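Visitor: dropping the sequence and predicted coords here.
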Amino acid sequence: MAALTFPGFYRLALPLAAAMLLAGPVLAKAPKLPESVPVPELNQPGPTPEPEPADVPVPEPRPTNAPSGPSEPPATAPMPAEKPTQAEPPASAPGPPEKPPEEKKTLPDPRSASIPAGEMPEEELACRRRLKSLGVDFEEHKAEHDQEIGCSIPYPITLKTLGKSVAITPATELNCAMAEASARFVADVVQPVAKAEFSADLKSIGQASAFVCRPRHNGGKLSEHAFGNALDIATFTLSDGKKIEVGPTPPEKDAKFLNAVRKAACGPFKTVLGPGSDADHSLHFHFDLEPRRHGGTFCQ
């Protein structure tokens, strides 16, 4: 090897110095490696990549005209069954069903079993003889009996008058005992009171009810009307044409007559009702012969 002379060294040093001056800024800008990162040795082998499995299928390339969005499921794909909707529980537990209100039943009355005998009893024959002596016009009526309700009047009569000169309108079906009591009351009480208060005779009585097959309005027992044992009187007509009506507020003179009749009726009749006793009797007097203990009366 030939010895390097100074002039030759100088020619080599100048280009080397120029190269170093140019590389300085570049090296200054290069990022520094962290001190903790070890620099691998050049001769150390790197990690060997795992080989891909040979049976992994390679996806086929998508055709160019396929839609870009997600593919829809086939039309025949089964849909999951919907969960049945559970019924909401009631706000409160249902209670036991209410019992229907019990209807009021009529109490048994021994008179409900009364039916006519083959021959009319002597007491019925005697009653009819007394009616004729009082001048009462009447006719025999066929027996009435309703087994389901209990109404019974085995020997009824149709009453046309309450004496020789006092009519009853319309004609009235009663048992003979009630007809006799009514005729005697008219002759002994009503006729004299009419004469004293109005100086006129009683000409007729307007009845509102007699025999009617029904229970009482408040239920329970049968009405006395169901046995032809009651008479309702609504009007009194005098010989001069004056009509006196039973009501809650009659004229003063009429009220005096009505009060006298009503008061005198308590005794000959066992029940006396009228205006003020209840709403059902606000427009008529109710007289009956209901049998009571010890012969007592009920008058209002």
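Guide: Perfect, I can see it now.
Visitor: got the contact list for Arg111?
Guide: 152, 227 (CB atoms under 8 Å, 6 or more residues apart in numbering). Bear in mind the C-beta positions are built from the backbone N, C-alpha and C, glycine included.
Visitor: for Cys151, see how far away it is.
Guide: 9 Å (CB to CB, to the nearest Å).
Visitor: what do these two both touch?
Guide: Joint contacts of Arg111 and Cys151 (CB under 8 Å, 6+ apart) are Phe227.
Visitor: wait, a helix at Val193?
Guide: Yes. Counting by DSSP: H, G, I helix; E, B strand; the rest coil, Val193 falls inside a helix.
Visitor: restrict stretch 260-273 to CA atoms and write it as CSV.
Guide: What follows is stretch 260-273, C-alpha atoms only, in CSV (Å, rounded to 0.1, in the frame of the first residue of the first chain):
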residue,chain,number,x,y,z
ALA,A,260,-166.7,13.0,63.2
VAL,A,261,-167.2,10.0,60.9
ARG,A,262,-163.6,8.9,61.3
LYS,A,263,-163.6,9.1,65.1
ALA,A,264,-167.0,7.2,65.3
ALA,A,265,-165.7,4.4,63.0
CYS,A,266,-163.1,3.3,65.6
GLY,A,267,-165.1,0.6,67.4
PRO,A,268,-167.5,-0.7,64.8
PHE,A,269,-164.4,-1.4,62.7
LYS,A,270,-161.2,-2.9,64.0
THR,A,271,-158.9,-0.8,61.7
VAL,A,272,-159.4,2.8,60.7
LEU,A,273,-157.0,4.7,58.5
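Visitor: mind listing what's buried in that stretch?
Guide: 260-262, 264-265, 268-273 (16 or more other CB atoms under 10 Å).
Visitor: do stretch 148-165 as well
Guide: 150-159, 161-163.
Visitor: before we move on, what about stretch 175-186?
Guide: 175-176, 178-186.
Visitor: start to end distance for stretch 217-230?
Guide: 14 Å (CA to CA, to the nearest Å).
Visitor: swap in stretch 258-276?
Guide: End-to-end for stretch 258-276, by CA to CA: 13 Å.
Visitor: farthest-separated two in the buried residues of stretch 260-273?
Guide: Ala260 and Lys270 (19.5 Å; CB to CB).
Visitor: any idea of the pLDDT on Gly295?
Guide: Predicted confidence (pLDDT) for Gly295: 78.
Visitor: what stretches of the protein score poorly on pLDDT?
Guide: By pLDDT under 70, the low-scoring segments of the chain are 1-107, 218-219.
Visitor: all helices of it, in order?
Guide: Here the chain has its helices, by DSSP state H, at 6-29, 122-133, 176-185, 191-198, 252-265.
Visitor: extract the C-alpha trace of the fourth one and format it as CSV.
Guide: The reference is to helix 191-198. Provided in CSV are the C-alpha atoms of helix 191-198 (Å, rounded to 0.1, in the frame of the first residue of the first chain):
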residue,chain,number,x,y,z
GLN,A,191,-176.6,9.6,58.3
PRO,A,192,-177.1,11.4,61.6
VAL,A,193,-173.8,13.4,61.2
ALA,A,194,-174.7,14.5,57.7
LYS,A,195,-178.2,15.7,58.9
ALA,A,196,-176.6,17.6,61.8
GLU,A,197,-173.8,19.3,59.9
PHE,A,198,-175.5,19.9,56.5
